[in-house]
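**Student:** Predicted coordinates and the sequence they were generated for:
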Amino acid sequence: MSVQALREQRASKVNALSAAVNDAELFASIEAEIADLDGQISRHEKAVAAVATLKAPAAPVAAPAADVRPTVPAAPKAEKGLRFGAAMRALAAAGGDRNTAVAVAERWGHSGLFAQQSGLTGGAGGFLIPEDVSGELIELLRPASVVMSFQPVIMPMDNGNLTMNRIAVGTTANYIGETQDVPATGVQFGQIKLSSKKLAALVPISNDLLQSASTQADAVVRDDLVLSLATRMDLAFIRGAGTQFTPLGMRNQLIGTAFETTNILAANNTVNLTNVTNDLGRLELALLNANIPMVRPGWIFAPRTMMYLMNLRDGNGNYAFPEMQNGQLRGKPYRTTTNVPINLGSSESEIYLADFAHVVVGEQQGIELAISTEAAYRDAGNNLQASFSRDETVVRAIAKHDFALRHLPAIAILTGVTWAP
């Protein structure tokens, strides 16, 4: 029954109720019927309202207010070592006066550049660059150096000296029976004695460049110094003679040891693909036969050798070592440096293969830097020059370190290499 029909029926009951006022029993009966109709009408109205809510579209939920704050781009990460260039430019612009240099640095936006500087001296004595500034150069020097880029083990030498064990013969293990004694075997050690050797570099820089307030000028100053130190460091670590004042390089670490005959090998005089491949394999085998785990292996050779290997083709015209385009040779990274000579004998060179996890570099106090606007220095021709009269600022860098192999057969060297493109 529809809601309308129920309402009509209720209206008729209401009219009948007024006529039954004198009959209590009939009045009560009609009143109960009206109440029942009211209940039916109410239920019908609620049901219709519920159906209507299902058909109506849901009211949209208000979205949270958008964050309209402007996006601030992340500040670009400053290049390492630029603060060093800025420090020197500030001192040059100030004519060597430290207090004026502080003001100049502040004006250029390098607040606190000299905050950690103390005990300064001026004039020919130079100005010590703050330790936090010079520390940035160490991070740049390591990848710039061929040897250091292979991540050798860095050991601190707080007092300038370090003695540590060198593995000579490895321990052995044995199967034993019931109640048998375990054979007493163990590692036999030699010793490595590192003592700091002083590497010093003088880099004269034009004051016209230093007075150019730009990051490009900072980079030029930084790169000149890093290149100077890295180049000389590689020469010592690769072929250093091991004098009182210089480290003993890789080339000479094996001389006079039992590994001189097994790990220093001569290249085949006949240069062809087969012999070249065999010679490279012989270096690898020398390390493998000594149980070197090849944790951080790497090749070092001259640029001439690299170009020959990159251009070498097989009988079908295919490149013999195509992986060299990606910095790998036979699955191991390589580096090139002119510190590997190509004029040994007549025109011979060398190739080095090492597991740099067994190469140890001892370092003392990082890099000490000083600059002067009045110092004298000798140029490449051994002529004495005065920085004051030449309007230059001289940078002096001192690094103290030493070099050793913790396990001697961790390096193999191929000599007599005449490979050339």
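**Tutor:** Structure's in. What do you need?
**Student:** so where's the stretch 201-350 of the chain uncertain?
**Tutor:** Across the stretch 201-350 of the chain, residues meeting the criterion (pLDDT under 70) sit at 212-213.
**Student:** Name the residues of the longest helix belonging to the chain that are buried.
**Tutor:** Using DSSP state H to define each element, the chain has its longest helix at helix 24-55. Using 16 or more other Cβ atoms under 10 Å as the test for burial, helix 24-55 gives 27, 30, 34, 37, 41, 44. C-beta coordinates here come from the backbone N, C-alpha and C atoms, glycine included.
**Student:** Return the distance of the last one relative to Leu6.
**Tutor:** Spelled out, it's His44. 7 Å (Cβ to Cβ, to the nearest Å).
**Student:** Lowest-confidence entry in the buried residues of helix 24-55?
**Tutor:** In this model, the minimum pLDDT among the buried residues of helix 24-55 belongs to His44 (72).
**Student:** contacting residues for Val361?
**Tutor:** Residues near Val361 by Cβ atoms under 8 Å, 6 or more residues apart in numbering: 147-148, 152-155, 237, 401-403.
**Student:** would you list every one of the helices in the stretch 1-150 of the chain?
**Tutor:** Under the criterion DSSP state H, counting those that start in this stretch, the stretch 1-150 of the chain carries helices at the ranges 3-19, 24-55, 82-93, 98-107, 131-144.
**Student:** repeat for the stretch 301-421 of the chain
**Tutor:** Assigned by DSSP H, counting those that start in this stretch, the helices in the stretch 301-421 of the chain fall at 303-311.
**Student:** Run through the strands of it in chain order.
**Tutor:** Taking DSSP state E, counting those that start in this stretch, the strands of the stretch 301-421 of the chain run over residues 328-329, 332-336, 349-355, 359-372, 376-378, 384-386, 392-405, 411-417.
**Student:** Which of the ones you listed comes out lowest on mean pLDDT?
**Tutor:** Per-stretch mean pLDDT for the strands of the stretch 301-421 of the chain is lowest at strand 359-372 (a mean of 82).
**Student:** now that strand against strand 411-417, angle please.
**Tutor:** Computed with axes from the mean of the first three to the mean of the last three Cα atoms, to 10 degrees, the direction of strand 359-372 lies at 80 degrees from that of strand 411-417.
**Student:** For strand 359-372, enumerate its sheet partners and note whether each is parallel or antiparallel.
**Tutor:** Applying DSSP bridges, strand 359-372 is found paired with strand 127-128 (antiparallel), strand 153-156 (parallel), strand 392-405 (antiparallel).
**Student:** Need the mean per-residue confidence for the second one.
**Tutor:** Within the predicted structure, the mean pLDDT of strand 153-156 is 91.
**Student:** Counting neighbours, which bits of that strand end up buried?
**Tutor:** For strand 153-156, burial by neighbour count (16+ other Cβ under 10 Å) applies to Met155.
**Student:** No further questions, thank you.
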